[in-house]
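Q: here is a sequence with its predicted model. Questions after.
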Amino acid sequence: MRERLVFIADKLYKNHNLALGEYAELIDGYDAEMEELLAKRARTVREEIYGKDVFIRGLIEISNYCKNDCFYCGIRRSNKACERYRLSREEILSCCAEGYTLGFRTFVMQGGEDAFYTDDFLCDLIKEMKATYPDCAVTLSLGERGKESFGRLFEAGADRYLLRHETADEEHYASLHPAELTLANRLQALRDLKEIGFQTGCGFMVGSPGQTTETLAKDLKWIEEFQPAMCGIGPFIPHHATQFAQDKAGDVGLTCYLLSIIRLIKPNILLPATTALATLDEKGCEKGILAGVNVVMPNLSPMSAKQKYELYDNKAYGGSEAAKNVEELKARMDAIGYRVVTDRGDVRG
Ligand code: SAH
């Protein structure tokens with residue numbers, strides 16, 4: 001049994017691909033020993049390409065208005081108790097100014113699907129950001145917008161786009177989303193983004209309701225085939241105002257195990273330690289780094305926005321999660337032998 005698992009792990013380490021059934025075996029074989037074995041290989045592979053560098057991104061949560069109704073999400077449109085906000089152009093630009101001074105060279109604008117942010121508005125804003133900070137990358141995480149819109153945002157200068165696929169299993173996708181959202185559309189949007197030229201990121205929650213070994217194996221196989229530039233995975237955390245309020249949160253150790261597997265699937269992938277991981281475990285960020293992660297995304301949003309951008313309960317936003325505390329983050333990374341760099345942090349190799 002152990003021999004078989006080590007054989008599969010070696011194969012992944014050498015070839016960066018596995019059969020669907022082998023991914024399933026690896027997932028089922030998860031235990032502390034396998035976690036450490038894969039983490040070690042993941043660190044080796046990561047250090048060959050990125051050394052000990054940790055890239056930071058300044059996360060700006062621009063709006064919690066959303067036209068969608070994803071069953072797991074705290075800012076879904078049917079959550080009437082959610083206090084809505086949106087940031088103005090000036091507020092977003094002042095987040096960038098603060099972030100630049102702190103050493104951030106990537107700004108990530110994330111939000112619900114909010115029609116207030118038209119293509120014209122965003123294109124103007126992106127152009128201004130790129131003109132003011134020509135040495136910075138702009139990442140967008142604003143949901144599905146259609147190929148033409150994606151194209152305009154890219155033309156305006158946006159560099160990267162994060163759009164988690166959430167799950168690569170059709171039935172599972174349908175159990176997490178209302179009928180108007182489909183896996184087919186989500187995957188098409190991801191292919192469009194890549195074709196347009198974005199550094200494109202997918203990803204999923206670990207331990208989302210209904211997730212199984214089979215759905216996770218499909219996620220890994222899909223990532224292997226899609227070859228994204230980035231991949232965001234974090235534990236599912238219940239939100240009190242959703243139908244999954246009573247469900248269990250995802251497991252931190254399994255999340256780290258999957259991060260290591262993803263590093264081995266695509267050695268140069270930009271792989272972040274997510275806020276959800278840091279929310280469930282105060283050492284979540286370090287655990288992620290030691291599992292092969294090379295990106296951290298501290299929060300640059302104004303305090304009131306941070307609190308209202310509540311995708312799940314008890315979201316971490318103080319301490320090292322706050323961009324202004326980047327010195328604390330640097331010290332934490334130093335303590336485990338890694339170093340935060342002032343760099344756009346593009347894909348290498
Ligand atoms: N509207 C944008 C941004 C979504 S929020 C978009 O659709 O891409 C970013 C991610 O947060 C989502 O893709 C989802 O995977 C994650 N998320 C939402 N609710 C969550 C929860 N309850 N627990 C953990 N992660 C959650």
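A: Here it is on my side, so go on. Numbers count the residues shown, from 1 in each chain.
Q: beyond the least confident helix or strand in the chain by mean pLDDT, next helix or strand please.
A: When each helix and strand of the chain is scored by mean pLDDT, DSSP states H and E, helix 303-308 comes last, with a mean of 95. Per DSSP states H and E, the first helix or strand lying C-terminal to helix 303-308 is helix 326-335.
Q: now that following helix: buried residues?
A: For helix 326-335, the neighbour count (16 or more other CB atoms under 10 Å) marks 326, 329, 330, 332, 333 as buried. Backbone N, C-alpha and C define where each C-beta goes, glycine included.
Q: show me where this structure has its helices.
A: Counting by DSSP state H, the chain has helices at residues 2-15, 20-28, 32-50, 89-102, 119-132, 147-155, 170-176, 183-196, 213-226, 252-265, 275-280, 284-290, 303-308, 326-335.
Q: quick one: contacts of the fourth one?
A: Outside helix 89-102, the residues within contact range by CB atoms under 8 Å, 6 or more residues apart in numbering are 58, 60, 62, 87, 107, 109, 121, 124-125, 128-129, 132-133, 136, 300-302, 323-324, 326.
Q: among these, which ones are buried?
A: For these, buried by 16+ other CB under 10 Å: 58, 60, 62, 87, 107, 109, 125, 128-129, 133, 136, 300-302, 323, 326.
Q: return the distance of stretch 43-52 from the chain's centre.
A: In terms of CA atoms, centre = their mean, to the nearest Å, the centre of stretch 43-52 is found 20 Å from the chain centre.
Q: okay, buried residues for it please.
A: In stretch 43-52, counting by 16+ other CB under 10 Å, buried: 43, 45, 46, 50, 52.
Q: got a pLDDT number for the third one?
A: Per-residue confidence (pLDDT) for residue 46: 98.
Q: same thing with residue 27?
A: 98.
Q: quick one on the thing from earlier: the ligand: which of the helices of the chain is closest?
A: helix 275-280 (4.6 Å; CB to the nearest ligand atom).
Q: where does the stretch 201-349 of the chain come near the ligand, residue by residue?
A: 205, 234, 236, 237, 239, 276, 311, 312 (CB under 6 Å from any ligand atom).
Q: contacting residues around residue 173?
A: 166, 167, 181, 182, 183, 186.
Q: now with 6 Å?
A: By CB atoms under 6 Å, 6 or more residues apart in numbering, the contact set of residue 173 is 167, 183.
Q: gap between it and residue 308?
A: 27 Å (CB to CB, to the nearest Å).
Q: now swap in residue 171 and tell me
A: Distance from residue 171 to residue 308, by CB to CB: 33 Å.
Q: what do you get for residue 283?
A: From residue 283 to residue 308 the distance is 27 Å (CB to CB).
Q: so those two - more neighbours on which side?
A: residue 308 (18 against 13; other CB atoms under 10 Å).
Q: that one touches residue 86, doesn't it?
A: No. Look at residue 308 against residue 86 with CB atoms under 6 Å: they stay out of range, at 10.0 Å.
Q: near the ligand, which residues of the stretch 1-150 of the chain?
A: 72, 73, 110, 112, 113, 141, 142, 143.
Q: wait, the fourth one sits on residue 77?
A: No. With the criterion set as CB under 6 Å, residue 112 and residue 77 do not qualify as a contacting pair; they are 8.2 Å apart.
Q: who touches both of those two?
A: By CB under 6 Å, 6+ apart, the residues touching both residue 112 and residue 77 are residue 66.
Q: which one of the two has more residues nearby?
A: The neighbour count for residue 112 versus residue 77, taken as other CB under 10 Å, is higher for residue 112 (25 against 17).
Q: what residues are up against that one?
A: Contacts of residue 112 by CB under 6 Å, 6+ apart are 63, 64, 65, 66, 75.
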